[in-house]
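1. sequence first, predicted coordinates after that:
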Amino acid sequence: MSKINIEHSRNEDSMKLLASNVKRRFEVIKLGGGKKKIEKQHSKGKMTARERIDALIDKDSIFLEIGGFAGYGMYKEHGGCPAGGVVTGIGYVCGRQCMIVANDATVKAGAWFPITGKKNLRAQEIAMENRLPTIYLVDSAGVFLPMQDEIFPDKEHFGRIFRNNAIMSSRGIPQISAIMGSCVAGGAYLPIMSDEALIVEGTGSIFLAGPYLVKAAIGETVDKETLGGATTQSDISGITDYKMPDDATCLKTIRELVDKMGHDEKAGFDRVTPALPAKNQEEIYSIFPEDPTKPYDTTAILERLVDNSHLTYYKKDYGKTITCAYARIDGWSVGIVANNRQVVKNAKREMQFGGVIYSDSADKAARFIMNCNQKKIPLVFLHDVTGFMVGKRSEHGGIIKDGAKLVNAVSNSTVPKFSIVMGNSYGAGNYAMCGKAYDPRLIVAWPTAKIAVMGGTQAAKVLLQIQVASMKSKGKEVSQEEQDKIFADIKARYDEQTSPYYAAARLWVDAIIDPLETRKVISMGIEAANNAKVEPFNVGVFQV
């Protein structure tokens, strides 16, 4: 077997193992609070959050889950918070894409942790950007009180959700809420600020204060059903619009309501009959390197992602460390901006490192992004970038100016942007390639992704130098053994923080996906984005 074939086999084995680990970990997350909590939910006649979503969406349709790894490895002192205690994603209901938000009552009775609030806000953000009807399946005990200071008062905390309810309604984005369990205190505003609210008899209840708090506050003794059960809130207060006998009927009724909704004018993104790539998609596994420092042919990856493996390259032989091309993905017209990891030579025959953004690459990508906005073509960014080129020659050549031009174009772009973090996404390269701070409609990571200011090895070397210099300035001699230990400790900590799981836990990315799911994510994302008109494109003042 040739050296290339051995390397490809290693790459394939590595990527498949990483993808398998993602799926294995996610299967545990899907259990929420565990099998006993699921059984307890069933004993009350209630479906779990995921069962409710399965019953709500069209049979055999795709559910694009957002934030499945939210909270992963966090809140260990409180027993964890799988999936952030809420399941969110884009699903098809009567053929129409909807944002679905379902509290998972098996996780701390559906209580809101800080990451729960952040995840709900992300779901609402996606719904607002894409004008998606939103369905809330409410079953929550309210704010997780031990962490109330991290979820309650700030701008991006719990209250922002109700503000978004009001903004979405004012913009004509339909919202339907189903009270399928507890709905307490401030959380009670969410379903009632929706356009329509359903409540399930026997299990659903909604009130500003539960029986215990009512007793403590005003001395009144009242049971849960009388205080805010289905009959009270449907027949007496009139707060809810539909009284449902059980979960199944409730979900069926939601489908009937969605089925009658009108449709908005489409954005008009171009789509033709979809076609699969002409080249075998599974070869991505063997092409993408196990070693993140090794170069590879980015074009070979693109040819296994786009329809018919056909790309129309923009400025192909200029600014070679970024590849820009027009193509189609699942029939949708797209503009692709991808880091090229091959070592190349520029027009002056100077060597350029793969994965680094040079002035000519930044200039090319900025112009390409402007062209895509001019022609109303959605943008797809494929990250494998170590940052911008540094050093005297780059600084003299105006790398900051050219980098600013690219960041400006990305920032002001109004066509929908989608980011796929394939490998490295370091430093300002993350910004230039439309990282989370630059409003991608969706941003997902392959299992090989690494997101940080810089790589673990580089960071450890820099921090080691600083730490050793500080120790020496205090008169302390540092042996090589001590330096090696400091370096290893720093690198281990940094490597953990650069992993895709760390990023997904904090919602820096919306999901960790198998590379073969990339086309699906982009296609569903553009389909969602097609529901919202594109604003005119203008760039600010910057040094051209």
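-> Perfect, I can see it now. Residues are numbered from 1 along each chain as shown.

2. what sits against Asp60?
-> Listed by Cβ atoms under 8 Å, 6 or more residues apart in numbering, the contact set of Asp60 is empty. Any C-beta I mention is one placed from the backbone N, CA and C, and that applies to glycine too.

3. what pLDDT does it get?
-> Confidence at Asp60, expressed as pLDDT, is 95.

4. quick one: secondary structure of it?
-> Of the three states, Asp60 takes coil under DSSP: H, G, I helix; E, B strand; the rest coil.

5. how much space separates it from Phe162?
-> Distance, Asp60 to Phe162, by Cβ to Cβ, to the nearest Å: 35 Å.

6. where's the residue lying closest to Glu156 once chain neighbours are set aside, which helix or strand?
-> Spatial nearest neighbour of Glu156, chain neighbours left out: Leu121 (6.4 Å); criterion: Cβ to Cβ, 6 or more residues apart in numbering. Per DSSP states H and E: Leu121 is located in helix 114-130.

7. for that helix, name the packing helices and strands.
-> Packed against helix 114-130 by the contact rule (3 or more Cβ pairs under 8 Å, 6 or more residues apart in numbering; DSSP states H and E) you find strand 63-66, strand 86-93, strand 96-103, strand 134-140, helix 159-170, helix 518-529.

8. longest helix of this protein?
-> Longest helix in the chain by number of residues (criterion: DSSP state H): helix 3-29.

9. pLDDT on that one, on average?
-> The model assigns helix 3-29 a mean pLDDT of 94.

10. mind listing what's buried in the helix holding Leu121?
-> Within helix 114-130, the residues that qualify as buried are 114-124, 126-130, counting by 16 or more other Cβ atoms under 10 Å.

11. and what of stretch 247-261?
-> 247, 250-251, 253-254, 257-258.

12. dump those to TSV, plus pLDDT and distance to Lys533.
-> As requested, the buried residues of stretch 247-261 are exported to TSV (pLDDT from 0 to 100; distance: Cβ to Cβ, whole Å):
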residue	pLDDT	distance to Lys533
Asp247	98	37
Cys250	98	33
Leu251	98	31
Thr253	98	31
Ile254	98	27
Leu257	98	25
Val258	98	22
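
13. just for the chain, where's the confidence low?
-> Along the chain, the parts satisfying pLDDT under 70 run over 1-3, 186, 541-544.

14. the helices and strands packed on helix 114-130: which one's closest to Lys375?
-> Nearest to Lys375 among these is helix 518-529 (14.6 Å), distances taken as Cβ to Cβ.

15. okay, angle between that closest one and helix 114-130 too, please.
-> 60 degrees (axes from the mean of the first three to the mean of the last three Cα atoms, to 10 degrees).

16. tell me which other helices or strands helix 518-529 touches.
-> strand 63-66, strand 96-103, helix 114-130, strand 322-329, strand 332-339, strand 417-426, strand 442-445.

17. would you format these as CSV with distance to Glu350 included?
-> CSV is the format used below for the helices and strands packed on helix 518-529 (distance: least, Cβ to Cβ, whole Å):
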stretch, distance to Glu350
strand 63-66, 43
strand 96-103, 48
helix 114-130, 41
strand 322-329, 16
strand 332-339, 19
strand 417-426, 22
strand 442-445, 32
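
18. who wins for proximity to Gln497 among these?
-> strand 417-426 (12.4 Å).

19. so how far is the following helix or strand past the closest one off the chain centroid?
-> Of the helices and strands lying after strand 417-426 in sequence (DSSP H and E), the nearest is helix 427-432. Centroid separation between helix 427-432 and its chain, computed with Cα atoms, centre = their mean, to the nearest Å, is 17 Å.

20. tabulate the CA atom coordinates of helix 427-432 in CSV.
-> What follows is helix 427-432, C-alpha atoms only, in CSV (Å, rounded to 0.1, in the frame of the first residue of the first chain):
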residue,chain,number,x,y,z
GLY,A,427,-7.8,34.5,16.0
ALA,A,428,-9.0,37.1,13.6
GLY,A,429,-9.3,34.4,11.0
ASN,A,430,-12.5,33.3,12.9
TYR,A,431,-13.9,36.8,12.5
ALA,A,432,-13.0,37.1,8.8
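
21. give the other helices and strands that it contacts.
-> Against helix 427-432 (3+ Cβ pairs under 8 Å, 6+ apart) you get strand 356-357, strand 379-385, strand 387-388, helix 399-412.

22. tell me which of those sits most buried.
-> Scoring these by mean neighbour count under mean count of other Cβ atoms under 10 Å gives strand 379-385 as the most buried, with a mean of 27.

23. and that one, which strands flank it?
-> Here strand 379-385 has these sheet partners by DSSP bridges: strand 332-339 (parallel), strand 417-426 (parallel).

24. could the C-alpha coordinates of the shortest one be exported in CSV?
-> What that stands for is strand 332-339. Listed next in CSV are the C-alpha coordinates belonging to strand 332-339 (Å, rounded to 0.1, in the frame of the first residue of the first chain):
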residue,chain,number,x,y,z
TRP,A,332,-29.4,26.2,-4.1
SER,A,333,-27.1,28.8,-5.6
VAL,A,334,-24.3,29.6,-3.2
GLY,A,335,-21.1,31.6,-3.0
ILE,A,336,-18.3,29.6,-1.2
VAL,A,337,-15.4,31.2,0.8
ALA,A,338,-13.0,28.5,1.9
ASN,A,339,-9.6,28.5,3.4
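
25. how long is stretch 138-149 from one end to the other?
-> Using Cα to Cα, to the nearest Å, the end-to-end distance of stretch 138-149 comes out at 23 Å.

26. and for stretch 179-198?
-> Distance across stretch 179-198, first residue to last, is 6 Å (Cα to Cα).

27. pull out the buried residues from it.
-> Quick answer for stretch 179-198 (16+ other Cβ under 10 Å): 179-185, 187-198.

28. how far out from the middle of the chain is that stretch?
-> 25 Å.

29. ok, now stretch 112-125?
-> With Cα atoms, centre = their mean, you get 12 Å for stretch 112-125.

30. okay, the angle between the helix holding Leu121 and helix 159-170?
-> Using the same axes, to 10 degrees: helix 114-130 against helix 159-170 is 20 degrees.

31. distance from helix 114-130 to the middle of the chain?
-> The answer for helix 114-130 is 10 Å, by Cα atoms, centre = their mean.

32. need the CA coordinates for it. CSV is fine.
-> Extracted in CSV, the C-alpha atoms of helix 114-130 (Å, rounded to 0.1, in the frame of the first residue of the first chain):
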residue,chain,number,x,y,z
PRO,A,114,-28.1,30.3,32.3
ILE,A,115,-27.4,28.2,29.2
THR,A,116,-31.2,27.4,28.9
GLY,A,117,-31.8,31.1,28.5
LYS,A,118,-29.0,31.5,26.0
LYS,A,119,-30.3,28.6,24.0
ASN,A,120,-33.9,29.9,23.9
LEU,A,121,-32.6,33.3,22.8
ARG,A,122,-30.6,31.7,20.0
ALA,A,123,-33.8,29.8,18.8
GLN,A,124,-35.7,33.1,18.8
GLU,A,125,-32.9,34.8,16.9
ILE,A,126,-33.0,32.2,14.2
ALA,A,127,-36.8,32.5,14.0
MET,A,128,-36.7,36.2,13.7
GLU,A,129,-33.9,36.3,11.1
ASN,A,130,-35.7,33.7,9.0
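
33. residues in contact with the host helix or strand of Lys364?
-> Element membership for Lys364, per DSSP H and E: helix 359-374. With Cβ under 8 Å, 6+ apart as the test, helix 359-374 has contacts from 314-315, 318-322, 324, 335, 337, 346, 357, 378-379, 388-389, 394, 397-399, 402-403, 405-406, 408-410, 413-415, 432, 537, 539.

34. and with 6 Å instead?
-> Outside helix 359-374, the residues within contact range by Cβ atoms under 6 Å, 6 or more residues apart in numbering are 314-315, 318-319, 321-322, 324, 335, 337, 379, 397, 399, 402-403, 405-406, 409, 413, 415, 537.
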